[in-house]
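1. Build me a model:
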Amino acid sequence: MRQKKVPGLSFLLVLGCKVNGERPSKALKDRVLTAAEYLRENPETRAVLSGGQGRGEEISEAECMRRLLIREGISEERLILEEHSTTTLENLTFSQCFLNRERDEVGLVTSNFHVYRSMYIGKKTGYKKVYGIGAPARTVLLLHYMVRECFALLREFFR
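-> All right, here's what the predicted structure looks like:
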(Lines give C-alpha, C1' and ligand atoms only; values in the text may rest on other atoms or scores of the structure.)
Protein backbone atom coordinates (compact mmCIF):
# COMPACT_ATOMS: atom_id res chain seq x y z
CA MET A 1 0.00 0.00 0.00
CA ARG A 2 1.70 3.18 -1.17
CA GLN A 3 -0.13 6.41 -0.46
CA LYS A 4 0.19 9.82 -2.03
CA LYS A 5 2.62 12.05 -0.17
CA VAL A 6 0.99 15.07 1.44
CA PRO A 7 3.34 18.08 1.26
CA GLY A 8 4.18 20.28 4.24
CA LEU A 9 3.56 17.87 7.10
CA SER A 10 4.62 19.03 10.57
CA PHE A 11 6.45 15.77 11.32
CA LEU A 12 7.44 12.47 9.85
CA LEU A 13 7.34 9.55 12.24
CA VAL A 14 9.76 6.98 10.85
CA LEU A 15 9.09 3.53 12.28
CA GLY A 16 12.13 1.43 13.13
CA CYS A 17 13.08 -1.96 11.80
CA LYS A 18 15.91 -4.46 12.27
CA VAL A 19 19.50 -3.22 12.54
CA ASN A 20 22.33 -5.66 11.84
CA GLY A 21 25.06 -4.60 14.25
CA GLU A 22 25.27 -0.94 13.29
CA ARG A 23 23.96 -1.33 9.73
CA PRO A 24 20.33 -0.90 8.66
CA SER A 25 18.44 -3.87 7.27
CA LYS A 26 17.20 -3.43 3.70
CA ALA A 27 13.71 -2.61 4.99
CA LEU A 28 15.02 0.04 7.39
CA LYS A 29 17.23 1.56 4.71
CA ASP A 30 14.24 1.78 2.35
CA ARG A 31 12.20 3.54 5.05
CA VAL A 32 15.00 6.01 5.76
CA LEU A 33 15.59 6.78 2.07
CA THR A 34 11.85 7.39 1.64
CA ALA A 35 11.96 9.77 4.63
CA ALA A 36 15.08 11.52 3.27
CA GLU A 37 13.35 12.16 -0.06
CA TYR A 38 10.34 13.69 1.71
CA LEU A 39 12.52 15.79 4.04
CA ARG A 40 14.53 17.19 1.10
CA GLU A 41 11.26 18.19 -0.63
CA ASN A 42 9.80 19.68 2.60
CA PRO A 43 12.54 21.59 4.46
CA GLU A 44 10.24 22.70 7.32
CA THR A 45 9.24 19.14 8.25
CA ARG A 46 10.98 17.50 11.22
CA ALA A 47 11.33 13.77 11.78
CA VAL A 48 10.82 11.61 14.86
CA LEU A 49 12.96 8.49 14.42
CA SER A 50 11.37 5.76 16.49
CA GLY A 51 13.02 2.48 17.41
CA GLY A 52 14.83 0.95 20.35
CA GLN A 53 17.68 -1.54 20.48
CA GLY A 54 16.95 -5.22 20.04
CA ARG A 55 19.01 -8.40 20.08
CA GLY A 56 21.99 -8.28 17.77
CA GLU A 57 21.71 -4.52 17.43
CA GLU A 58 24.76 -2.59 18.62
CA ILE A 59 22.90 0.73 18.36
CA SER A 60 19.24 1.69 18.53
CA GLU A 61 17.17 1.69 15.37
CA ALA A 62 16.62 5.43 15.90
CA GLU A 63 20.37 6.09 16.05
CA CYS A 64 20.93 4.02 12.91
CA MET A 65 18.28 6.08 11.11
CA ARG A 66 19.83 9.34 12.37
CA ARG A 67 23.25 8.38 10.98
CA LEU A 68 21.84 7.44 7.59
CA LEU A 69 19.71 10.59 7.30
CA ILE A 70 22.72 12.77 8.11
CA ARG A 71 24.69 10.93 5.39
CA GLU A 72 21.76 11.71 3.07
CA GLY A 73 22.23 15.43 3.80
CA ILE A 74 19.44 15.96 6.33
CA SER A 75 20.32 18.39 9.13
CA GLU A 76 20.62 16.81 12.57
CA GLU A 77 18.57 19.69 14.02
CA ARG A 78 15.51 18.33 12.20
CA LEU A 79 15.84 14.87 13.76
CA ILE A 80 14.35 13.72 17.08
CA LEU A 81 15.22 10.30 18.49
CA GLU A 82 12.82 8.01 20.34
CA GLU A 83 15.01 5.07 21.40
CA HIS A 84 12.83 2.93 23.68
CA SER A 85 10.11 1.38 21.51
CA THR A 86 10.19 -2.23 20.34
CA THR A 87 6.75 -2.57 18.68
CA THR A 88 4.60 -0.51 16.33
CA LEU A 89 2.26 0.35 19.20
CA GLU A 90 5.21 1.55 21.28
CA ASN A 91 6.60 3.55 18.31
CA LEU A 92 3.35 5.48 18.10
CA THR A 93 2.79 5.77 21.86
CA PHE A 94 6.32 6.77 22.91
CA SER A 95 6.65 9.30 20.07
CA GLN A 96 3.61 11.25 21.27
CA CYS A 97 5.71 13.29 23.70
CA PHE A 98 7.53 14.93 20.77
CA LEU A 99 4.45 16.12 18.88
CA ASN A 100 0.84 17.11 19.29
CA ARG A 101 -1.43 14.23 18.18
CA GLU A 102 -4.43 16.53 17.96
CA ARG A 103 -2.88 19.38 15.96
CA ASP A 104 0.23 18.22 14.10
CA GLU A 105 -0.01 16.62 10.68
CA VAL A 106 2.12 13.48 10.87
CA GLY A 107 3.38 11.25 8.08
CA LEU A 108 3.99 7.64 9.17
CA VAL A 109 6.93 6.30 7.19
CA THR A 110 7.09 2.53 7.13
CA SER A 111 7.25 -0.32 4.63
CA ASN A 112 4.34 -0.27 2.19
CA PHE A 113 2.92 -3.56 3.50
CA HIS A 114 2.92 -2.10 7.04
CA VAL A 115 1.14 1.20 6.30
CA TYR A 116 -2.43 0.02 6.87
CA ARG A 117 -1.80 -1.51 10.30
CA SER A 118 0.38 1.44 11.37
CA MET A 119 -2.36 3.88 10.38
CA TYR A 120 -4.94 1.78 12.23
CA ILE A 121 -2.82 1.81 15.40
CA GLY A 122 -2.08 5.52 14.97
CA LYS A 123 -5.75 6.42 14.82
CA LYS A 124 -6.52 4.05 17.70
CA THR A 125 -3.89 5.79 19.87
CA GLY A 126 -5.26 9.26 19.18
CA TYR A 127 -3.44 10.64 16.15
CA LYS A 128 -5.94 12.90 14.37
CA LYS A 129 -4.07 14.04 11.25
CA VAL A 130 -2.00 11.05 10.20
CA TYR A 131 -0.94 10.04 6.69
CA GLY A 132 0.78 6.88 5.50
CA ILE A 133 3.99 7.09 3.49
CA GLY A 134 4.96 3.64 2.27
CA ALA A 135 8.54 2.75 1.46
CA PRO A 136 8.95 0.14 -1.27
CA ALA A 137 9.21 -3.45 -0.05
CA ARG A 138 11.46 -6.11 -1.52
CA THR A 139 9.26 -8.34 -3.67
CA VAL A 140 11.03 -11.54 -2.61
CA LEU A 141 9.57 -11.38 0.91
CA LEU A 142 6.38 -9.47 0.16
CA LEU A 143 4.03 -12.46 0.44
CA HIS A 144 5.58 -13.42 3.79
CA TYR A 145 5.13 -9.89 5.14
CA MET A 146 1.57 -9.57 3.83
CA VAL A 147 0.52 -12.78 5.61
CA ARG A 148 2.27 -11.64 8.79
CA GLU A 149 0.52 -8.25 8.62
CA CYS A 150 -2.89 -9.93 8.24
CA PHE A 151 -2.41 -11.86 11.48
CA ALA A 152 -0.97 -8.83 13.27
CA LEU A 153 -3.93 -6.73 12.17
CA LEU A 154 -6.38 -9.34 13.45
CA ARG A 155 -4.58 -9.21 16.80
CA GLU A 156 -4.97 -5.40 16.84
CA PHE A 157 -8.72 -5.66 16.23
CA PHE A 158 -9.10 -7.76 19.38
CA ARG A 159 -6.81 -5.69 21.60
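
2. can you tell me which helix or strand residue 52 belongs to?
-> Following DSSP states H and E, there is no helix or strand that holds residue 52.

3. any idea how far it lies from residue 112?
-> 23 Å (Cβ to Cβ, to the nearest Å). In short, each C-beta sits where N, CA and C put it, glycine included.

4. Rounded mean pLDDT for whatever helix or strand residue 14 lives in, please.
-> Secondary structure assignment for residue 14, by DSSP H and E: strand 11-15. The average pLDDT within strand 11-15 is 98.

5. got the contact list for that strand?
-> 31-32, 35, 38-39, 45-51, 65, 88, 91-92, 95, 98-99, 104-110, 114, 118, 133 (Cβ atoms under 8 Å, 6 or more residues apart in numbering).

6. Show me these that map onto helices.
-> 31-32, 35, 38-39, 65, 88, 91-92, 118 (DSSP state H).

7. Among those residues, which pair sits farthest apart?
-> 39 and 88 (21.5 Å; Cβ to Cβ).

8. which residues sit against the helix or strand following the strand holding residue 14?
-> Sequence order places strand 19-20 as the next helix or strand after strand 11-15, per DSSP H and E. The contact list for strand 19-20 (Cβ under 8 Å, 6+ apart) reads 25, 28, 51, 53-54, 56-61, 64.

9. Kindly recompute the last result at 7 Å.
-> 25, 28, 56-57, 59, 61, 64 (Cβ atoms under 7 Å, 6 or more residues apart in numbering).

10. got any ranges where this protein has weak pLDDT?
-> 1-4, 139-154, 157 (pLDDT under 70).

11. picking up where we left off before, of the contacts of strand 19-20, grab the buried ones for ChimeraX.
-> Command for ChimeraX that selects the buried part of the contacts of strand 19-20, burial taken from 16 or more other Cβ atoms under 10 Å:
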select :25,28,57,59,61,64
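
12. Which of the contacts of strand 19-20 sits closest to residue 73?
-> residue 64 (16.9 Å).

13. Wait, the closest one touches residue 27, no?
-> No. Contact criterion Cβ atoms under 7 Å: residue 64 and residue 27 do not qualify, at 12.0 Å.

14. Fine by me, we can end here.
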